[in-house]
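Novice: attaching a predicted model along with its sequence, questions to come.
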Amino acid sequence: MAKDFRNIEYHTNQDGDGLKYYACSTLNTKRKELSFHKNKGAIVQMRWEVSIGKDIKNLSETFNFTPQFGEFVEYQNLFDYINQLCRKEKNMNMKITDLQVSWQKEFLFKINPITLELGYLWISDIKQITKNYKWDNNEWIEI
């Protein structure tokens, strides 16, 4: 196993095909593409309530979960990220009210193979299966 400059492990083939295999994705350095393994990357929509004094505001956010890349360098698992976010939210009077996850069978991004900076989403799964989750008994359960 080798490690990239971010200290994240990957392995390569001996034939020099330009592929780097990470835990959740494959980086093609020749084509400058990062392809996430089936059901590792996701399009996530979260809705939450924020208590500001006596008022409650409803907010939402949609993002691409790209394990070990982009802003999710520290995470291989979406729920580890969301659980950490929930711990922070408790301190800010926030509560997630809805979580929808569209796990992707094909999730391909353009990438700079030197800096590992993600480019735009190139291909996503056309037949997305969206799953809803709720927080119950200290874990996320699919509903």
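Specialist: Thanks, I have the structure now.

Novice: contact partners of stretch 71-80?
Specialist: With Cβ atoms under 8 Å, 6 or more residues apart in numbering as the test, stretch 71-80 has contacts from 6, 8, 23-24, 40, 42, 44, 65-68, 81, 101, 140. Every C-beta, even on glycine, is put in place using the N, C-alpha and C of the backbone.

Novice: try it again with 6 Å
Specialist: Stretch 71-80 has contacts (Cβ atoms under 6 Å, 6 or more residues apart in numbering) with Arg6, Ala23, Cys24, Ala42, Phe65, Thr66, Pro67, Tyr81, Trp140.

Novice: how far away is the last one from Ile43?
Specialist: What that stands for is Trp140. Separation of Trp140 from Ile43 (Cβ to Cβ, to the nearest Å): 17 Å.

Novice: quick one on the thing from earlier: now, the contacts of stretch 71-80 that are in strands?
Specialist: Of those, the ones assigned to strands by DSSP state E are Ala42, Phe65, Trp140.

Novice: mind putting those in CSV, neighbour count, distance to Ile123 and pLDDT included?
Specialist: Formatted as CSV, the ones in strands among the contacts of stretch 71-80 follow (neighbours: other Cβ atoms under 10 Å; distance: Cβ to Cβ, whole Å; pLDDT from 0 to 100):
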residue, neighbour count, distance to Ile123, pLDDT
Ala42, 24, 14, 93
Phe65, 25, 16, 96
Trp140, 17, 27, 75
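
Novice: could you pull out the strands for the protein?
Specialist: Ranges of strands within the chain are 2-3, 9-12, 19-21, 25-28, 33-36, 42-52, 55-65, 94-103, 107-111, 118-124, 129-136, 139-142, based on DSSP E.

Novice: need these in a markdown table with distance to Gln76, can you?
Specialist: Output for the strands of the chain, formatted as a markdown table (distance: least, Cβ to Cβ, whole Å):
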| stretch | distance to Gln76 |
| --- | --- |
| strand 2-3 | 15 |
| strand 9-12 | 11 |
| strand 19-21 | 14 |
| strand 25-28 | 10 |
| strand 33-36 | 11 |
| strand 42-52 | 12 |
| strand 55-65 | 10 |
| strand 94-103 | 14 |
| strand 107-111 | 14 |
| strand 118-124 | 16 |
| strand 129-136 | 18 |
| strand 139-142 | 16 |
